[in-house]
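Peer 1: Output the structure for:
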Amino acid sequence: MKYLGNVKVTLLKERQEYKELFSPLTESEYEDLRESIREAGILNDLILEKTEEGYIILSGHHRKAVARELGMEEVPCSLAETRGEILEALFDNTSRRQMTEAERKEKVKEKEKVQNRIYEESLIPELYTLYKEGKIDRRSVDEFLREDLDLQRSIFYSLSVERPVVPQELLEKHEREVASIESRHREDLDLGRKKLTTAEAERKKAQEALDQNGKELEEIRKRAKDTLAKYEKSKEQITKEVKREVEKELKDLEKERETREAAMKVKQDEIAGLNGEIETLKNRIYGYDSQVALWRHEIARVSETYENSIAYYSNPALIEIQLQVISEFVESLVRFSGCHKWDANAFKTVEKYRKSIGDLMEKLAGKVRDQQKEAVSVQESEKAIAAQTEVQVMPKAS
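Peer 2: This next block holds a predicted model:
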């Protein structure tokens, strides 16, 4: 697998058959993936295959979709260079997805079918037949996948028991090619051995942790068993002590109950006395309310009498009629004065009476303004009633 680094999202292409190998993520799974990429970025490289069309996504279709949604221009990618790497990349999600065991087994079978199809398309018929018959193991077949069909056929015939005599230079060429294949195979074998050693070390560490947990669990079980035995032994003694404690607590509660009942009786007596006082106050308030009602009735009667008595004497018509007479008389004098020629002293006479009449009108307006009839106010009457009530309820001096 070759690490490419960051590749522009616009350069990544998709094949429908690769996308449909696995069902799409659920809405919640897709949302979790988007939140993870938003917070921490893409942690696992997208795996690509390089073809004449360009870079084809083998694994990472959902990561590309999320990157495009988040506006990421580049994503980390690695390149699958061999058929085996391509196959592993296509079925990478088998180990990552939350799949049932039945679904996982089905994908393993599908992977084997795809692998067989790749072998059939990428191997010469002779090698594929040997593979199907079990005469060549899968790791050996993977080595042949690195080479083109002509080189496979050349290697096959050079290793076949039934082969024609070939020139020495061709044999040497084949030997060099076989040595190259063995060298690459040795590198893969060394890498596999390192991975196996690491896995063995991790397995040993896990086994040691498991053994330690087993010992701790056994110790816990032993302590629990000892504790239970001690409890069974002292259960009767504990029961007696608890019984004594309960009896003592009951006695204390009985004393507290008696104390509280006595206090409650005192409070009940106080409440009874207060209830008597409340009834007395209610009766007194009822008497006051009756007096207030009588006073309100009296105020209404007095107000009505006052209004009826003064209505006639305060009628504006009494003044208006006399003023109307004066006004008409003056108006007739005005018309009369227009029909004659007057002595100079006549003007002085008119001026004298104009001023005198004006002063009298001013006094008349002032009197009418100041001598408004009185209005009977219920609020003022209530204040008087309250003052009268205070006088009546005030205790006499001894």
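Peer 1: Name the helix or strand of this protein that has the lowest mean pLDDT.
Peer 2: Lowest mean confidence among the helices and strands of the chain (mean pLDDT, DSSP states H and E): helix 378-393, at a mean of 62.
Peer 1: Let's see the pLDDT reported for the nearest residue to residue 60 once chain neighbours are set aside.
Peer 2: Spatial nearest neighbour of residue 60, excluding adjacent residues (Cβ to Cβ, 6 or more residues apart in numbering): residue 46 at 3.2 Å. In this view, the C-beta of every residue, glycine as well, is placed from N, C-alpha and C. Residue 46 carries a pLDDT value of 92.
Peer 1: Any idea what residue 46 is bridged to?
Peer 2: Beta-bridge partners recorded for residue 46 (DSSP bridges): residue 77.
Peer 1: Regarding the protein, what is its longest helix?
Peer 2: Criterion DSSP state H: the longest helix present in the chain is helix 168-313.
Peer 1: Tell me the helix or strand right after it.
Peer 2: Per DSSP states H and E, the first helix or strand lying C-terminal to helix 168-313 is helix 317-337.
Peer 1: Centre of the chain to the helix or strand just after that following helix, how far?
Peer 2: Note on helix 317-337: by DSSP H and E, the next helix or strand toward the C-terminus is helix 344-370. A distance of 89 Å separates the centroid of the chain from that of helix 344-370, by Cα atoms, centre = their mean, to the nearest Å.
Peer 1: Helix 344-370 vs helix 317-337, what angle?
Peer 2: Counting by axes from the mean of the first three to the mean of the last three Cα atoms, to 10 degrees, helix 344-370 lies at 160 degrees to helix 317-337.
Peer 1: in a helix, that's where residue 75 is, yeah?
Peer 2: No: Residue 75: not assigned to a helix; according to DSSP: H, G, I helix; E, B strand; the rest coil it is strand.
Peer 1: Next, work out how far apart it and residue 2 are.
Peer 2: Taking Cβ to Cβ, to the nearest Å as the measure, residue 75 falls 16 Å from residue 2.
Peer 1: and if you look at residue 341?
Peer 2: If you measure residue 341 against residue 2 using Cβ to Cβ, the figure is 139 Å.
Peer 1: out of these two, which sits in the busier spot?
Peer 2: For the pair residue 341 and residue 2, the greater number of neighbours falls to residue 2 (11 against 6), based on other Cβ atoms under 10 Å.
Peer 1: Tell me the bridge partners for the more buried one.
Peer 2: Bridge pairing for residue 2 - DSSP bridges - gives residue 79.
Peer 1: From residue 92, how far out is it?
Peer 2: 16 Å.
Peer 1: again, but for residue 28
Peer 2: In this view, residue 28 and residue 92 are 21 Å apart by Cβ to Cβ.
Peer 1: between those two, who's got more neighbours?
Peer 2: The neighbour count for residue 28 versus residue 92, taken as other Cβ under 10 Å, is higher for residue 92 (17 against 8).
Peer 1: which stretches of the stretch 1-150 of the chain have low pLDDT?
Peer 2: For the stretch 1-150 of the chain, the stretches flagged by pLDDT under 70 are 93-105, 107-109, 111, 115, 119, 121-122, 138, 141-143, 145-148.
Peer 1: Could you name the helices and strands sitting against the longest helix of the chain?
Peer 2: The contact analysis (3 or more Cβ pairs under 8 Å, 6 or more residues apart in numbering; DSSP states H and E) places helix 168-313 against helix 138-145, helix 149-159, helix 378-393.
Peer 1: Now do the contacts for residue 59.
Peer 2: 46, 47, 89, 90, 92, 93 (Cβ atoms under 8 Å, 6 or more residues apart in numbering).
Peer 1: from those residues, which is closest to residue 54?
Peer 2: Residue 54 lies nearest to residue 46 out of the contacts of residue 59, by Cβ to Cβ, at 13.7 Å.
Peer 1: give me every residue that touches the closest one.
Peer 2: Contacts for residue 46 (Cβ under 8 Å, 6+ apart) come out as 7, 12, 57, 59, 60, 63, 64, 75, 76, 77, 78.
Peer 1: And the pLDDT at the residue of the chain most remote from its centre?
Peer 2: The outermost residue of the chain relative to its centre, with distances by Cα atoms, centre = their mean, is residue 343 at 106.3 Å. What the model reports for residue 343 is a pLDDT of 87.
Peer 1: contacting residues for it?
Peer 2: Residue 343 makes no contacts at all, as judged by Cβ under 8 Å, 6+ apart.
Peer 1: Next one: it from residue 329, what distance?
Peer 2: Residue 343 is 22 Å from residue 329, by Cβ to Cβ.
Peer 1: do residue 355 as well
Peer 2: If you measure residue 355 against residue 329 using Cβ to Cβ, the figure is 18 Å.
Peer 1: and what of residue 35?
Peer 2: Per Cβ to Cβ, residue 35 is found 106 Å from residue 329.
Peer 1: just residue 225 next, same as before
Peer 2: As judged by Cβ to Cβ, residue 225 and residue 329 stand 135 Å apart.
Peer 1: just to revisit the earlier point, and the residue nearest to residue 60, how far from residue 67?
Peer 2: Taking Cβ to Cβ, one finds residue 46 at 9 Å from residue 67.
Peer 1: Perfect, I'm done here.
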